[in-house]
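> With the input below, show me the fold.
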Amino acid sequence: MDFTTVIWAVVVLGALAIVFGLILAVAAKVFEVEVDPRLPEIQACLAGANCGGCGYPGCGGCAEAILAGKAPINACAPAGAEGAAKIAAIMGMEAPTGEKMVAHVLCNGGTNAVKNFEYRGVNDCLAATKVLAGDALACKYGCLGFGSCVAACKFDAIHVGENGAAVVDKEKCTNCGACREACPRKLIVEVPYKQKVFVNCANKNKGPAVTKVCANSCIACGMCERTCKFDAIHVVNNVAVIDYTKCRNCTMCAKACPKNAIEPIPTPEEKEKFKAAQKAMAEKKAAAAKAAAEAAAAAKAAEAPKAE
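The predicted structure is shown next:
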C-alpha cells in the first residue's frame, strides 16, 4: 500500500476543508442578517403552543409582530397578564391592564335537544352540518357535540360534557380563540373570568318553535328580565342576553327561568323557595296597595262632610 498517496489525499482534503470553511465564514459575515436581541426574549415570554390564536404564523411570527409594533403586547392570550408584563418590560413599555377573559359555550341543550337523525359520519361538527339530509340536530343554534372545539384546543380546556354539549374549563382556558374558530355554529363566546351566570341558549326563534327542538331553550318569556334588580338581562331577538358589566351574579334570573336555560341551574328546592318568596312579596305588595286604597277612601270620606 502506498502511504504517500493516502497522506497526500488527507492533506488535500484538509486544505479544501479549510478553504471552504474560510469561504463560508466570510459569506456568513458578509450576508449576516442582524437580529434584534429582544426577539428571542419576547418569544420566550409567549406560550409556545403555536396555536395561531393571535392571528400570526406561530409564536415566532407573533414575537416579530410585537417587536415591529404590528401586534399589541398582549397579543398572546395564552401567555396571560404575566407574559404581557414581561414583554412590556423588554419593550420598555407599560404593562396593559384588563380583566381576564375566557371562552364559554352558549348551549346546554345536548341530550335535551331533539335530533333529526342519528349522525354516524366523520366525527366533526362542520361535517355534521353538510350531510344531504340536513343538520343532525333540530336546533339550528345548538351545540352538535362532535368535539371540533375539543380537537382545536391545545390546552385541554374544553370537553364534551355528559349531556352531549361542549363545556369550558375556565381554569385551564387561555382564551386563545381556537375553539371559537372551530365552532361552525359560533356558539363559543368571550366572557369575563369572574362571571358565574350565563344564558346557555342562542336560539333566536320564537317560543313555540324553540320548545319543539330543545327542552332547555330560552322562550323569551321575560321572567329573568322582570326579576333582575340590576337591569343586567334583557330579551333581545327572542333570547335573553346578559350585560356582564351590570350583572352581580346574584343568580335570581336563573331561579326565575322556567326552562333552566340560565346557568347555574337551580335545584328544585331552590326553585320552590324562589316561588314562595315571590308569592309572599306579591301578597305583601297587594296588601300594601289595598291598605293604601282603603286609607285614601277613608280620608276622602272624612273630608266629604267638611266640604258640605
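
> Give me the contact list for stretch 117-125.
Under the criterion CB atoms under 8 Å, 6 or more residues apart in numbering, residues 127-128, 131, 133, 136, 144-149, 182-185 lie in contact with stretch 117-125. Glycine gets a C-beta too; all of them are placed from N, C-alpha and C.

> again, only this time at 10 Å
Here stretch 117-125 makes contact (CB atoms under 10 Å, 6 or more residues apart in numbering) with 127-131, 133-138, 143-151, 166, 182-185, 187.

> Next: stretch 228-239.
106, 141, 197, 199, 201-207, 209-210, 217-227, 240-250, 252-253, 256, 261-262.

> Out of those residues, which sit inside strands?
Judged by DSSP state E, the contacts of stretch 228-239 include V199, A240, V241, I242, I262 as members of strands.

> okay, now the fourth one: neighbour count?
Translated: I242. If you count neighbours by other CB atoms under 10 Å, I242 ends up with 20.

> what do you get for V102?
V102 has 20 nearby residues by other CB under 10 Å.

> just checking, next helix/strand downstream of the one helix or strand it maps to?
Using DSSP states H and E, V102 maps to strand 101-105. Later in the chain than strand 101-105, the nearest helix or strand by DSSP H and E is helix 125-128.

> Convert that next one to PDB, retaining C-alpha atoms only.
Taking C-alpha atoms only, helix 125-128 is exported to PDB below (Å, rounded to 0.1, in the frame of the first residue of the first chain):
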ATOM      1  CA  CYS A 125     -69.200  19.400  13.800                       C
ATOM      2  CA  LEU A 126     -68.800  21.100  10.400                       C
ATOM      3  CA  ALA A 127     -69.100  17.700   8.600                       C
ATOM      4  CA  ALA A 128     -72.300  17.000  10.500                       C
END
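
> buried set for that helix?
Neighbour-count burial for helix 125-128 flags C125, A128 (criterion: 16 or more other CB atoms under 10 Å).

> From the chain's centroid, how far away is that helix?
20 Å (CA atoms, centre = their mean, to the nearest Å).

> After it, which helix or strand is next?
Counting by DSSP H and E, the next helix or strand C-terminal to helix 125-128 is helix 148-152.

> same for that following helix, what does it pack against?
Applying 3 or more CB pairs under 10 Å, 6 or more residues apart in numbering; DSSP states H and E, one finds that helix 148-152 makes contact with helix 125-128, strand 158-160, strand 166-168, helix 178-182.

> do that again at 7 Å, thanks
strand 158-160, helix 178-182 (3 or more CB pairs under 7 Å, 6 or more residues apart in numbering; DSSP states H and E).

> So which elements touch the strand holding V102?
strand 166-168, strand 188-192.

> May I have the longest one exported as PDB, CA atoms only?
Read it as strand 188-192. The C-alpha trace of strand 188-192 is given here as PDB (Å, rounded to 0.1, in the frame of the first residue of the first chain):
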ATOM      1  CA  ILE A 188     -68.500  30.000  21.800                       C
ATOM      2  CA  VAL A 189     -68.000  33.500  23.100                       C
ATOM      3  CA  GLU A 190     -65.600  35.500  25.200                       C
ATOM      4  CA  VAL A 191     -66.800  36.200  28.800                       C
ATOM      5  CA  PRO A 192     -65.200  37.600  31.900                       C
END
